[in-house]
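*Asks:* All I have is the shape, not the residue letters:
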């Protein structure tokens, strides 16, 4: 995947409402405008990287891109689990992420428990890989310090922003 690392940002929107409620693993969802502008070589699957809400701290993250086969979604999504406990939801805030690497393809599971086990394994793998020096340096990338603090600060097209930022790396 030659597009990695991939930098993007967008307003956090309400998703399917399953991350926290069913899985106990809250996720932040990007709008279609971000999902629809992913480079063609970024396939569906599970990724790891860094994430920042507004102008806050940068944390490790895992992201699912795709149709979530267990739930048989008909709409492609980008769901980010920031590996940090937040005091409250941050719908409407700007989420900035850098996708650093690929963990696995998306797949269906026989049970909700098997899905949760796989997600927790993905989280542990992300923690290990993001501790590597070549990945750790991206945590301090100037992309995160240039993050707008609210959706009102976003330009009209998020895709053009991520392309411009990506081209700068």
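*Replies:* Nice, I can see it. Predicted model, so just to flag it, every value in this text is computed and none were measured. Numbers count the residues shown, from 1 in each chain.
*Asks:* can you give me the helices in this protein?
*Replies:* Assigned by DSSP state H, the chain shows helices spanning 32-35, 112-130, 133-136, 142-145, 158-167.
*Asks:* If you average the pLDDT over the last one, what comes out?
*Replies:* Helix 158-167 shows a mean pLDDT of 37 in the predicted model.
*Asks:* again, but for the fourth one
*Replies:* Averaging the model's pLDDT scores along helix 142-145 yields 93.
*Asks:* List the buried residues in it.
*Replies:* 143, 144 (16 or more other Cβ atoms under 10 Å). Using the backbone N, CA and C atoms, a C-beta is placed for each residue, glycine as well.
*Asks:* Check which helices and strands it is in contact with.
*Replies:* strand 94-104 (3 or more Cβ pairs under 8 Å, 6 or more residues apart in numbering; DSSP states H and E).
*Asks:* Make TSV out of the helices of the chain and add distance to residue 94.
*Replies:* Below are those laid out as TSV (distance: least, Cβ to Cβ, whole Å):
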stretch	distance to residue 94
helix 32-35	11
helix 112-130	21
helix 133-136	23
helix 142-145	11
helix 158-167	9
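*Asks:* what's the closest of the ones you listed to residue 53?
*Replies:* helix 142-145 (10.5 Å; Cβ to Cβ).
*Asks:* Would you mind telling me which of the helices of the chain is nearest residue 51?
*Replies:* Nearest to residue 51 among those is helix 142-145 (8.9 Å), distances taken as Cβ to Cβ.
*Asks:* returning to that earlier point: can you say which of the helices of the chain is nearest to residue 54?
*Replies:* helix 142-145 (10.4 Å).
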